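# task: produce atomic coordinates for the following.
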Amino acid sequence: MNHPKYKHDTEMPIAISIGDPAGIGIEVILKALKRVETKKECNPILVGCRKTLNNIYKDFYERGLNELSNPEEYKIIDIPFSGNLEPGQPNQDTGEASFEWLNNATKLVLNGKAKALVTAPIAKHMWHQAGHFYPGQTERLGELASCKNFSMLFTAISPINKWRFNTLLATTHIPLKEVVKVLTPELINNKLDTLLKFCKRFSGNPKLAIAGLNPHAGEQGDLGNEEIDWLIPTIKEWKSKHKNIQLDGPFPPDTCWLSAAESWKNLNRKLNNYDGFLALYHDQGLIPVKLIAFESAVNTTIGLPFIRTSPDHGTAFDIAGHGIARPQSMLSAIEAASELAKQMSN
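Here you go, the predicted model:
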């Protein structure tokens, strides 16, 4: 499928799909949009149900919560929701709605009517109940954009010193027992190239680190042979083709991100740290990312023909409707979408 060329127009809006309406997505979107600077940067289009957006806003407002933007201040692509809706109680109807809202928001960017896409959290198991068997939104976006070579990267900026923290996942939403089957030298080479390209947007000569697969990175073969058999030779081959790039590892996974934790909280931005980390499987990368930068990290899909970001948290059904959801990660996702789209316009 051929899509229109990505339009490099910073005045274009950002499309925001509002996620599963039984979760915290609408709440954190409206809280994030309350920030005046965010409105100016993203010129948002909300993709979802106008009535649902207004009802949730009205409910919070009548309870005295005034830190949300009125959704009527923004353009809304109205795709009505007619199912049963109770905060914190997702069902097949909320899953179907979030799926359709994502599809329609994606069409906006693919058709050149929005400069980037921000996605609020969905519930994968509710997608499955509705008959949509995708591991997550990332995989659906790849299908819609006819892209197979896409990657999940988490980026965050330290509020203390503005240091940028980047972690790319070599594999994403697959069972742990499948990781060893999926990891190959070709995949690692591709992911290192992808990580390098992203980090070069912010650093001319980035330093990269890669985690090992096994405990202690295999302990010289005592705890697994993957490092010796193919990972270390793959790293050496990649380094031979990128002589000006420092790539270190494979590091023991339990210590790989210690320097990132120190750089995140240190007042000195110029610590000699890595610009990008490559994790070999989902939780290996997401545990340190969320421990270090939970409210600041942004999930961005690399390899699509448009910018896509999302907060690094889920639907949080346990607190939905309580008015206590913190919007920082959604705000970071919106700001990152604006920043990355602006880069593409240069």
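# for the stretch 101-250 of the chain, which segments count as strands?
For the stretch 101-250 of the chain, the strands defined by DSSP state E, counting those that start in this stretch cover 116-119, 151-157, 164-169, 207-211, 246-251.
# just those strands: most buried one?
Of all those, strand 116-119 carries the top mean neighbour count, a mean of 28, counting by mean count of other CB atoms under 10 Å. C-beta here means a position set from N, CA and C on the backbone, and glycine is covered the same way.
# so what's the residue nearest to Thr155 when sequence neighbours are not counted up against?
Using CB to CB, 6 or more residues apart in numbering and skipping the chain neighbours, the partner closest in space to Thr155 is Asn166 (5.0 Å). Contacts for Asn166 were tallied using CB atoms under 8 Å, 6 or more residues apart in numbering; they are Leu153, Phe154, Thr155, Leu195, Phe198, Cys199, Asp275, Gly276, Phe277.
# quick one: Asn166 from Glu41, how far?
Between Asn166 and Glu41 the computed distance is 21 Å (CB to CB, to the nearest Å).
# how near is Ala336 to Asp93?
31 Å.
# higher neighbour count, those two?
Taking other CB atoms under 10 Å, Ala336 and Asp93 do not tie; Ala336 has more neighbours (23 against 18).
# is the more buried one in a helix, a strand, or coil?
Three-state assignment for Ala336 (DSSP: H, G, I helix; E, B strand; the rest coil): helix.
# how about the helices in the protein?
Taking DSSP state H as the criterion, the chain carries its helices at 25-32, 36-42, 50-62, 92-110, 124-129, 137-144, 176-182, 185-199, 226, 232-241, 258-265, 282-293, 328-345.
# please work out which of the ones you listed is packed deepest.
Mean neighbour count, computed with mean count of other CB under 10 Å, is highest for helix 25-32 among the helices of the chain, reaching a mean of 27.
# CA atoms of it as PDB?
Provided in PDB are the C-alpha atoms of helix 25-32 (Å, rounded to 0.1, in the frame of the first residue of the first chain):
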ATOM      1  CA  GLY A  25      -6.900   7.500  29.100                       C
ATOM      2  CA  ILE A  26      -9.500  10.300  28.800                       C
ATOM      3  CA  GLU A  27      -8.600  11.600  32.300                       C
ATOM      4  CA  VAL A  28      -4.800  11.900  31.600                       C
ATOM      5  CA  ILE A  29      -5.400  13.300  28.100                       C
ATOM      6  CA  LEU A  30      -7.600  16.200  29.400                       C
ATOM      7  CA  LYS A  31      -5.300  16.800  32.300                       C
ATOM      8  CA  ALA A  32      -2.300  17.000  30.000                       C
END
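# just how off-centre is it within its chain?
Distance of helix 25-32 from the chain centroid (CA atoms, centre = their mean, to the nearest Å) equals 16 Å.
# for that helix, packing partners?
Here helix 25-32 touches helix 50-62, helix 328-345, going by 3 or more CB pairs under 8 Å, 6 or more residues apart in numbering; DSSP states H and E.
# list the contacts of the closest residue to Gln220 other than its chain neighbours.
Among residues not flanking Gln220 along the chain, Ile228 sits closest, at 7.3 Å (CB to CB, 6+ apart). By CB under 8 Å, 6+ apart, the contact set of Ile228 is Gly218, Gln220, Gly221.
# would you reformat the residues you listed as JSON lines and include pLDDT?
Below are the contacts of Ile228 laid out as JSON lines (pLDDT from 0 to 100):
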{"residue": "Gly218", "pLDDT": "82"}
{"residue": "Gln220", "pLDDT": "88"}
{"residue": "Gly221", "pLDDT": "86"}
